[in-house]
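# What follows is a predicted structure for the sequence shown.
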Amino acid sequence: MTPLGVKLRALREEKGVTLSQMAAALEVTPAYLSALEHGKRGRPTTLRLHQICAYFEIIWDEADDLRRLADISHPKVTIDTSGLSSEATELANRLANQIGELSVAQINTMLGTLKG
């Protein structure tokens, strides 16, 4: 799941609606929403995010938070290290190769470092 997918599922459950009900309201397929929740789809468009915010009656800061979650929820990331140090290239490659082997604690430690 992506950070956006986790949030969407929580919003749906909080509102008490099914995937099919939400999909019908947004005029998308349930398969699309399921893929979005499970991280099988990339970030939604800005228009789709606006539709989701309207559906959940999300405004201002909460809408900005949802957009930020979408920004960090691309399931297939490419990192261009050209022009960076050899250490940066090594880090990107090691992370790409070993991310599936990291524990939740290790990932949270790295995220804490990156979030500052």
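Great, that's in hand.

# Centroid-nearest residue for the protein?
Nearest residue to the geometric centre of the chain (C-alpha atoms, centre = their mean): residue 73, 2.4 Å.

# burial count for residue 89?
By other C-beta atoms under 10 Å, 14 other residues sit near residue 89. The C-beta positions use only the backbone N, C-alpha and C, and glycine is treated the same way.

# roughly how far apart are it and residue 106?
21 Å (C-beta to C-beta, to the nearest Å).

# again with residue 88
For residue 88, the distance to residue 106 - C-beta to C-beta - is 19 Å.

# Wait, the residue nearest to the centre of the chain touches residue 4, no?
Yes - look at residue 73 against residue 4 with C-beta atoms under 8 Å: they come within range, at 3.8 Å.

# Identify all contacting residues around stretch 77-91.
Applying C-beta atoms under 8 Å, 6 or more residues apart in numbering, the contact partners of stretch 77-91 are 92, 96.

# any idea how far the residue of the chain most remote from its centre lies from residue 92?
Distance from the C-alpha centroid of the chain, by C-alpha atoms, centre = their mean, peaks at residue 86 (28.7 Å). Using C-beta to C-beta, residue 86 is found at 11 Å from residue 92.

# Please apply the same query to residue 105.
On the measure of C-beta to C-beta, residue 105 and residue 92 end up 22 Å apart.

# Who has more neighbours out of those two?
residue 92 (16 against 8).

# Look up how far residue 109 lies from the more buried one.
Distance from residue 92 to residue 109, by C-beta to C-beta: 18 Å.

# Repeat that for residue 6.
Computed as C-beta to C-beta, the residue 6 to residue 109 distance reads 20 Å.

# On the pLDDT front, check residue 50 for me.
Looking at residue 50, its pLDDT stands at 95.

# what number of residues lie near it?
Residue 50 has 15 nearby residues by other C-beta under 10 Å.

# and it, what element?
helix 46-55 (DSSP states H and E).

# list the helices and strands that helix packs on?
helix 19-26, helix 60-71 (3 or more C-beta pairs under 8 Å, 6 or more residues apart in numbering; DSSP states H and E).

# For residue 18, give me its contacts.
Counting by C-beta under 8 Å, 6+ apart, residue 18 makes contact with residue 12.
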